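Visitor: could you look at this predicted model? Sequence included:
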Amino acid sequence: MPFRIPFPHSIGARLAALVLVVALPLIALIAYDYAAQLAGRVELAGKSARGRAGAIAASLSQLIDTERALLAALAARPSQRLERPVTCDPMIAEARALNPYRANITVTTASGETVCSAVPLPVGVPVSVIGQEYAQRLLRTGEFTVGEPFKGLITGRWVLPLVFPRHDAAGRLIGWVGAPLDAERIGEFLSKSVTGAGELITVVSPQGRVIARSSDAAKWVGTDVSGRPFARPLLDGTLSVWRTSGLDGTARIWGVADVPVAGWKVLAGFDETALLAPVNAALARDSLLTALILLLVAELSLRIGRGISAPIQGLSRIARRIAAGERSLRAPLTGPAEVTGIALELNRMLDALDRSNAERERLAQIIEQTSDMVAISAADGALVYVNRAGRALLGLAPGESLAGVSTRQVYSPERWKFMQEVARAWRKRDCGRTNRFCWRTMAARFRCCRC
């Protein structure tokens, strides 16, 4: 059985369905255009985010290279050839003042004890960093090392340790000189690098801890984000651009770049809401315009539907009144041409019916007034109508009932038998499978008939 879609029958419903058919492609076109603009905007934002992260990563790499060069120069000074210098090198304090991002400059022995510091050491309390991850790594590799962020034992601030090995005259590792960077001041540097509202820059260590952040640096530095959804692709190295929410719960489009010398990852993110605001505004504008157009089309469809259905309903009312007996009514010739044509044909039919009725009435008067008997009988011979002359012939008064009056009273027995045969023959005209019934009367007045 073929599948058929149910369809509304009224004109108004069909016009509404037509409006819907027109609206659906328009809505689909708007949705497609929005999706295309959204994808283009996200792609452009991803490229911009990756570019911003790359620029910040280059600046941080340059900063670390500068610090490495400084530490190498300090480690090469004669005073640093001793594991425990007799006096602290005055260059330590001077070098710290040259760079606002330096939290301190320290000289530490191989046992992890800090013996010299640009920031005064606590009185009577030895400072040991031997338990820090960066100290163990430097002792193991003997190379320049960038460590994980931690809260400085001397400054009390979150610092990013950069340490360079010290060797004695025999080339034996005797300690290191360090230039820990101030994490909050690095965050200030990042905040100055932000170019627009909603942009966020975060630097993450190889172990997934926040090193610096352009916003609320003091709150987030040192936080382990290795398990956060936004940082997982960063640590996996599977994506360079992605969309997710950051530490503050704001949805952003992220780009990432590496700081190879330190193993850091720089994340630059753009607020998705602010970024997609123009696209959403365009969608809202287009949707509103489309809604207004559809409302206008719906209103016009309703008006057109009323203009078509009202004359048709008028025709229906006229037809019901005519059927109830008001034969003088005629359909108004209003509405569309098709409806007017139907009304005109209806009126012509009524006029023809009136003429036919008038002719029938005239014929009835003629039959009633003729001097010959005219009668109509049922198949069983019972009379159902007899004109005035026939009533006089049968002895019936005008208006007297014809009950019990039969054609047997009119015909002779032979003629009555003949009429009965004629009636039976006509009742047998439904010929069944043979599709033919042939019969002859005793008077041979009827020939073969075909159904």
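Guide: Thanks, I have it.
Visitor: now do the strands in the stretch 201-350 of the chain.
Guide: Ranges of strands within the stretch 201-350 of the chain are 210-213, 241-245, 251-259, 264-271, based on DSSP state E, counting those that start in this stretch.
Visitor: what average pLDDT does the second one get?
Guide: For strand 241-245, the per-residue pLDDT values average out at 66.
Visitor: and what of the shortest one?
Guide: Per-residue confidence for strand 210-213 averages out to 90 on the pLDDT scale.
Visitor: give me the residues contacting stretch 323-343.
Guide: Defining contact as CB atoms under 8 Å, 6 or more residues apart in numbering, one finds that stretch 323-343 is touched by 307-308, 310-312, 314-315, 318-319, 321-322, 344, 346-347, 350, 353-354. Where C-beta positions appear, they are placed from N, C-alpha and C, glycine not excepted.
Visitor: closest one to Ser111 among the strands of the stretch 201-350 of the chain?
Guide: strand 210-213 (27.2 Å; CB to CB).
Visitor: list the contacts for the nearest residue to Leu38 once chain neighbours are set aside?
Guide: On the basis of CB to CB, 6 or more residues apart in numbering, the spatially nearest residue to Leu38 that is not a chain neighbour turns out to be Val279, at 5.6 Å. Shown in contact with Val279 (CB under 8 Å, 6+ apart): 34, 37-38, 41.
Visitor: redo that, cut-off 10 Å
Guide: Applying CB atoms under 10 Å, 6 or more residues apart in numbering to Val279 gives the contacts 33-42.
Visitor: please apply the same query to Gly395.
Guide: Each residue near Gly395 by CB under 10 Å, 6+ apart is listed here: Gln409.
Visitor: mind redoing it with 6 Å?
Guide: Contacts for Gly395 were tallied using CB atoms under 6 Å, 6 or more residues apart in numbering; there are none.
Visitor: any idea how far Leu353 is from it?
Guide: Gly395 sits 38 Å away from Leu353, going by CB to CB, to the nearest Å.
Visitor: with Phe418 instead?
Guide: 38 Å.
Visitor: quick one on the thing from earlier: in helices, which of the contacts of Val279 fall?
Guide: Judged by DSSP state H, the contacts of Val279 include 33-42 as members of helices.
Visitor: among those residues, which ones are buried?
Guide: Neighbour-count burial (16 or more other CB atoms under 10 Å) applied to the ones in helices among the contacts of Val279 gives 34, 37, 41-42.
Visitor: need the helix or strand of the chain with the lowest average pLDDT.
Guide: Lowest on mean pLDDT, DSSP states H and E among the helices and strands of the chain sits strand 436-437, with a mean of 37.
Visitor: what separates stretch 212-230 from the chain centre, distance-wise?
Guide: 35 Å (CA atoms, centre = their mean, to the nearest Å).
Visitor: quick check: which ranges of the chain have low pLDDT?
Guide: Along the chain, the parts satisfying pLDDT under 70 run over 1-12, 197, 230-248, 426-451.
Visitor: tell me the domain boundaries of it?
Guide: Domain ranges of the chain: 9-275, 279-365, 371-450, per automatic domain parsing.
Visitor: return the most buried member of the ones you listed.
Guide: domain 9-275 (a mean of 17; mean count of other CB atoms under 10 Å).
Visitor: still on that earlier bit, how about the contacts of Val279 in TSV, adding distance to Gly381?
Guide: Listed next are the contacts of Val279 as TSV, based on distance: CB to CB, whole Å:
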residue	distance to Gly381
Asp33	86
Tyr34	86
Ala35	86
Ala36	89
Gln37	91
Leu38	91
Ala39	92
Gly40	95
Arg41	96
Val42	97
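Visitor: pick the one among those residues closest to Pro90.
Guide: Once CB to CB is applied, the member of the contacts of Val279 that ends up nearest Pro90 is Val42, at 54.8 Å.
Visitor: what sits against the closest one?
Guide: Not one residue lies near Val42 by CB under 6 Å, 6+ apart.
Visitor: same question for Trp416.
Guide: Listed by CB under 6 Å, 6+ apart, the contact set of Trp416 reads Arg408.
Visitor: in a helix, it, correct?
Guide: Yes. Looking at Trp416 with DSSP: H, G, I helix; E, B strand; the rest coil, it is inside a helix.
Visitor: now Leu181: how far from Arg96?
Guide: 11 Å.
Visitor: repeat that for Asn357.
Guide: 123 Å.
Visitor: tell me how far the helix or strand in which Arg360 is found is from the chain's mean position?
Guide: Arg360 belongs to helix 337-369 when assigned by DSSP states H and E. Relative to the mean C-alpha coordinate of its chain, helix 337-369 is positioned 62 Å out (CA atoms, centre = their mean).
Visitor: beyond it, next helix or strand please.
Guide: Proceeding N to C from helix 337-369, the next assigned helix or strand is strand 375-377, under DSSP H and E.
Visitor: where along this protein do the helices fall?
Guide: 11-75, 91-98, 133-141, 183-193, 217-220, 232-236, 272-275, 277-323, 337-369, 388-394, 413-427.
Visitor: closest one to Ala251 among the ones you listed?
Guide: helix 272-275 (4.3 Å).
Visitor: what is that closest one packed up against?
Guide: Where contact means 3 or more CB pairs under 6 Å, 6 or more residues apart in numbering; DSSP states H and E, helix 272-275 is packed against strand 251-259.
Visitor: list the pairing partners of the strand it packs on within its sheet, with orientation.
Guide: Strand 251-259 has the following sheet partners, assigned by DSSP bridges: strand 241-245 (antiparallel), strand 264-271 (antiparallel).
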